[in-house]
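Engineer: sequence and predicted model, in that order:
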Amino acid sequence: MVNFRVKAVVAFAIAGMIFSSCQNENMDDFASEAKVDETLIPGQYIVVLKETGLKTIQNWGARKDEDRNARLKGYDELQEALRKEVLEGFRLKPEQVDHVFGSALAGFSARLSPDELADLEKDDRVEFIEQDQIYYLEDFKMPNMFVNSILLQSGGSGQTTPWGITEIGGAVNASGLNRWAFVIDSGIQLNHPDLNVNSQYGRSFVSGYSSPTDQNGHGTHVAGTIAAIHNTIGVIGVAAGATVVPVRVFGPTGGSATSTIVSGIDYTTQVALANDVANLSLGGPASTALDNAVRNLAAKGVFCAIAAGNESQNANNVSPARATGTRLYTISAYDINGRFASFSNFGNPPIVVSAPGVNIYSTWIGSGYRAINGTSMATPHVAGILLANNGTVRWSGYVTNDPDGNPDRKARR
């Protein structure tokens, strides 16, 4: 079977960026080796403004919409007003500005000439400017031992309880729960028979892809671990039957940009309610803009489950994994024997707990199911716990072989 391995490549079309992933047959080829200088996007920047930088945001601050429908409508209204103010206030052309932010951050992303960049750096309204970077879904691979048995199962007549669900304390019937899980990822298969997907609130921020449906598989897999339905097919999730919302920030190949991910977080900050959960099984180079966006999402009352990353390095080197604070949970991975996964990033802080991340069987695109590895797979176990327990994550015992010598606690429901 093919092992999808996401790599950053600096290839650009006139209309924008092209992202690619490498597909190769080596099942042992695991972690991305992208260098930081290869991830920078030439001429593209995230401009973060001071709180007083946009009048639209100041005027919007008085609104206290607690109804989800009002929040959704308000997001579109806010975006329209922000874009108009950014274009007029900073004398930019529409084709230069990709995203505008008004909830998780105040600011915008744009393609800028050196002169335009220099002018903005001197603008009193600007807090800081960060060069946009290529980001990737946390690498994953298909476990060899499952290739011939369960890798491509598509439902069947019985329901499987994956070992990770049992390990963290079992599933809870969350059907009808008024708290939702926002999966900021590659999208979710909207009509998967084992998932309760809210497509009305789903949104795509990927250029050229208007639908929040998943064409990669990663986001659908994550959603299943969080909330696969308790029925007679497939698998069961931690918060079984809970509503999952696709916030698509990655295309089919798994590449994206910091600004695109921030847009998804900005949307979630506007639309989600307090005690909802956001799952971020993604990561990449250090980014102050991304870290701040995640912190501000959490400050609005949303619990955030964040992948530690799969580069076998200190998680303090990776965004958004390095972000710490109230309602922020960075998660490492361990295997069925309680051993720290060889690929998992380490270091606590920022890591709060560890969760099952090896041979994790869950939903897949094509209404199927698949077993894969990664901190991406550990993270939704904790997202499901946060959803089921209204923001409480318990723990029991410690992982073994943690490379930093300070064993991570095992998450429990």
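Structural biologist: Nice, I can see it.
Engineer: who's the most centrally placed residue in the chain bridged to?
Structural biologist: When C-alpha atoms, centre = their mean is applied to the chain, the residue found nearest the centroid is residue 280 (2.6 Å). Judged by DSSP bridges, the bridge partners of residue 280 are residue 306.
Engineer: residue 304 is in contact with that one, correct?
Structural biologist: Yes - assessed by C-beta atoms under 8 Å, residue 280 is found in contact with residue 304 at 6.3 Å. The way it works is simple: take the backbone N, C-alpha and C, and place the C-beta from them, glycine included.
Engineer: got any residues that touch both of those two?
Structural biologist: Taking C-beta atoms under 8 Å, 6 or more residues apart in numbering as the criterion, residue 280 and residue 304 both touch residue 294.
Engineer: avg pLDDT for stretch 127-144?
Structural biologist: For stretch 127-144, mean pLDDT is 79.
Engineer: show me what contacts residue 289?
Structural biologist: 46, 48, 105, 107, 128, 130, 258, 262.
Engineer: ok, 7 Å please
Structural biologist: By C-beta atoms under 7 Å, 6 or more residues apart in numbering, the residues touching residue 289 are 46, 48, 105, 130, 258, 262.
Engineer: can you pick the most crowded of these?
Structural biologist: Of all these, the highest neighbour tally under other C-beta atoms under 10 Å goes to residue 262, namely 29 neighbours.
Engineer: once you drop chain neighbours, what's closest to it?
Structural biologist: Once flanking residues are discounted, residue 262 sits nearest to residue 293: 4.8 Å by C-beta to C-beta, 6 or more residues apart in numbering.
Engineer: am I right that that neighbour falls within a helix?
Structural biologist: Yes - according to DSSP: H, G, I helix; E, B strand; the rest coil, the state of residue 293 is that of a helix.
Engineer: ok, it to residue 299 distance?
Structural biologist: Distance of residue 293 to residue 299, computed by C-beta to C-beta, to the nearest Å: 11 Å.
Engineer: looking at the two, which is more packed in?
Structural biologist: residue 293 (30 against 14).
Engineer: ok, that one touching residue 104?
Structural biologist: Yes - with contact taken as C-beta atoms under 7 Å, residue 293 and residue 104 are classed as touching, separated by 4.0 Å.
Engineer: mutual contacts of these two, please.
Structural biologist: 262, 265-266.
Engineer: so which of the residues you listed belong to helices?
Structural biologist: 262, 265-266 (DSSP state H).
Engineer: of the residues you listed, closest to residue 367?
Structural biologist: Using C-beta to C-beta, the shortest approach to residue 367 within these belongs to residue 265, at 28.8 Å.
Engineer: return the residues in contact with that closest one.
Structural biologist: 104, 184, 293-294, 297.
Engineer: could the residues you listed be laid out in a markdown table, adding distance to residue 403 and pLDDT?
Structural biologist: Output for the contacts of residue 265, formatted as a markdown table (distance: C-beta to C-beta, whole Å; pLDDT from 0 to 100):
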| residue | distance to residue 403 | pLDDT |
| --- | --- | --- |
| 104 | 33 | 96 |
| 184 | 28 | 99 |
| 293 | 29 | 98 |
| 294 | 25 | 99 |
| 297 | 30 | 98 |
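Engineer: okay, the residues you listed in a markdown table with distance to residue 231 next?
Structural biologist: Shown next, in a markdown table, are the contacts of residue 265 (distance: C-beta to C-beta, whole Å):
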| residue | distance to residue 231 |
| --- | --- |
| 104 | 35 |
| 184 | 26 |
| 293 | 36 |
| 294 | 33 |
| 297 | 31 |
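Engineer: what stretches of this protein score poorly on pLDDT?
Structural biologist: By pLDDT under 70, the weakly predicted segments of the chain are 1-37, 61-65, 138-157.
Engineer: all helices of it, in order?
Structural biologist: Counting by DSSP H, the helices of the chain are 36-39, 55-60, 68-89, 114-121, 163-167, 218-227, 258-271, 288-299, 375-388.
Engineer: let's see stretch 220-227 as CSV, backbone CA atoms only.
Structural biologist: The C-alpha coordinates for stretch 220-227 follow below in CSV (Å, rounded to 0.1, in the frame of the first residue of the first chain):
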residue,chain,number,x,y,z
THR,A,220,-12.1,11.7,8.3
HIS,A,221,-9.9,9.4,10.3
VAL,A,222,-9.5,12.0,13.1
ALA,A,223,-13.3,12.6,13.2
GLY,A,224,-14.0,8.9,13.6
THR,A,225,-11.7,8.6,16.7
ILE,A,226,-13.5,11.6,18.2
ALA,A,227,-17.1,10.6,17.5
